[in-house]
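1. dropping the sequence and predicted coords here.
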Amino acid sequence: MNKDMKSASLCFVGNFYKTYLFHEVSVKLRAKGIKIFWIVSKLDHYNFLKQYYECQDILYINRTFIGIDNEQVDDFKLNELIYGDRVLRHEMVNGLKFLTNIQQPLYDFLFKNKIRFVIGEITWAHELVIQRMTKARVELNCTYIQCSDIRIPNSRFAFFVDETEFKLLEFNSYTNLLNSIEIEKPKYLGLIDDMIRNSISIKGRLGRVKRFVTGKNIEKNDPNVIVNRFARFKIATREEINKTLYGFVRTLDYKRIIEYKYIFFGFHKQPENSIDVHGRYYEDQLTVVKNLWRLLPSGWKLVLKEHTNAIGDRSYSFYRQLLKYPNIILANEKINSKLLIEHSQLVATVSGTMAYEAALTKKASITFARVFFNRINYCKNISLDDLIKYNSLADLSLELLSKEDNRLEFSNYLISNSFEGYISDYFTDPTVMDENNVSKISDGFIRLVQVHA
């Protein structure tokens, strides 16, 4: 057996239904001699994992830590983390206590078990605490890794080692593609479309009411759910009202829009880590749109499009406020974004896939967060300070389009440093648990250990 395999140790951070997928992956990794640990925040995950792992190999952190006084390990900018956490932002005092008091148990668990890699997301504040801890405390010799889909092409994932999915972990492999990656609809979007149709049905709405009344899936000690019933009621009620009123928002169809020169901006679903974590400090999308409008070239339009999965996130007054600005247009959410990208002069987003799609088709695009597809010359990561230095956004578009076409180089880089395998949760898509898919994902982790342990 490979010596590195025997000495390697991985720790997975539980995250809702993905926990069960990564347990299946862990079964294959343990068969190769890799030691597996877990950090979980849900009681049902803890009880499930206890059936397969020793209790000392599982760290269970929950709301009870709010009342336990521990010293902090380091300054991890906790206010920043709470502000971006979809749950702790509703109870900031408790959030600060929780994120402070879990630090020492997390540090001790990582240090004692000599964990080489922590595999998790950066959706929740406690995940970011772990990520920042591994970076700040070098004596741990531990790397926090996001294992995420690369969106295009489908059914491939990569290991990311930063907070914005910009820096890929690189491998000593070589790919020689003849053609660059082609745009395709990310697989998860089709699944989301089906979920949306179900959610807006009468049956879907009644189901949400039932779950609220029964408190289904609400663990009182889970730090990743809003346990206050009144807070949950306000949020749920506001979402249902927003969904209903969105039908009265004025939108334009595709044929009307392509008559103009325009910049295309797509809204993110919010709360979501792609905007609240990756897009930190640009998470106020109302302000982002207003700033783009300020820099809109004469005679151009600013075309906005709502994310189909985000209808209900924003109020009717949100759209009314934006549509008061001259030359702002709201596209019908059912329009294929690919068509709007094709006829745009520039695509703008905080961190969204539409900028990736634009760059792959040699369209100018910008992101306010750093993302891995900024490696394509047609997609520029730009701050507001950078943006306002241009005389015109038309100049920015021309600058990007004048750059060397490096799409094939990017494609080879991405394929060389990513792996086959579809990562999602089995509740959304049960096919992720197929043996073939689990084996592919496991092969990627084995390669991780072989190269980087």
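-> Now that the structure is in, tell me what you want to look at. Numbers count the residues shown, from 1 in each chain.
2. following element in sequence after the worst-scoring helix or strand of the chain on mean pLDDT, please.
-> Least confident helix or strand of the chain, by mean pLDDT, DSSP states H and E, is helix 202-214 with a mean of 56. Next helix or strand after helix 202-214 toward the C-terminus (DSSP states H and E): helix 229-246.
3. sketch out the low-pLDDT regions of the protein for me.
-> Low-confidence segments of the chain (pLDDT under 70): 1-6, 186-217.
4. how about the strands in it?
-> Along the chain, the segments classed as strands by DSSP state E run 9-13, 35-40, 58-60, 117-120, 143-149, 156-160, 262-266, 301-305, 328-331, 346-349, 365-367, 379-381, 419-420.
5. relative to Leu322, which of the ones you listed is closest?
-> Among the strands of the chain, the nearest to Leu322 by C-beta to C-beta is strand 328-331 (5.5 Å). Backbone N, C-alpha and C define where each C-beta goes, glycine included.
6. from the contact counts, what lies against the closest one?
-> Counting contacts by 3 or more C-beta pairs under 8 Å, 6 or more residues apart in numbering; DSSP states H and E, strand 328-331 is packed against helix 254-257, strand 301-305, helix 316-323.
7. how far off centre is the longest one?
-> Just to be clear, that refers to helix 316-323. In terms of C-alpha atoms, centre = their mean, to the nearest Å, the centre of helix 316-323 is set 26 Å apart from its chain centre.
8. got the buried residues for that helix?
-> Residues of helix 316-323 classed as buried by neighbour count (16 or more other C-beta atoms under 10 Å): 318-319, 322.
9. could you name the helices and strands sitting against that helix?
-> Helices and strands in packing contact with helix 316-323 are listed as helix 229-246, helix 285-294, strand 328-331; criterion 3+ C-beta pairs under 8 Å, 6+ apart.
10. redo those as TSV? Include mean neighbour count.
-> TSV is the format used below for the helices and strands packed on helix 316-323 (neighbours: other C-beta atoms under 10 Å):
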stretch	mean neighbour count
helix 229-246	14
helix 285-294	16
strand 328-331	20
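11. could you dump those into a markdown table and include distance to Ile122?
-> Shown next, in a markdown table, are those (distance: least, C-beta to C-beta, whole Å):
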| stretch | distance to Ile122 |
| --- | --- |
| helix 229-246 | 22 |
| helix 285-294 | 19 |
| strand 328-331 | 30 |
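12. out of the ones you listed, which is closest to Val432?
-> Proximity to Val432 (C-beta to C-beta) singles out helix 229-246 among these, at 27.1 Å.
13. wait, isn't Glu91 in contact with Asn228?
-> Yes: assessed by C-beta atoms under 8 Å, Glu91 is found in contact with Asn228 at 7.5 Å.
14. more neighbours, the two?
-> The residue with more neighbours, out of Glu91 and Asn228 and counting by other C-beta atoms under 10 Å, is Glu91; that gives 20 against 10.
15. from Ile66, how far off is that one?
-> For Glu91, the distance to Ile66 equals 9 Å [C-beta to C-beta, to the nearest Å].
16. just Tyr60 next, same as before
-> 14 Å.
17. repeat for Thr431
-> 38 Å.
18. and Tyr319, what does it touch?
-> Contact analysis of Tyr319 by C-beta atoms under 8 Å, 6 or more residues apart in numbering lists 246, 249, 330.
19. against Leu292, how distant is it?
-> The gap separating Tyr319 from Leu292 is 16 Å, by C-beta to C-beta.
20. phi first, then psi, for Ile152.
-> phi -130, psi 130 (degrees, to the nearest 10).
21. ok, how many other residues are close to it?
-> Ile152 has 19 nearby residues by other C-beta under 10 Å.
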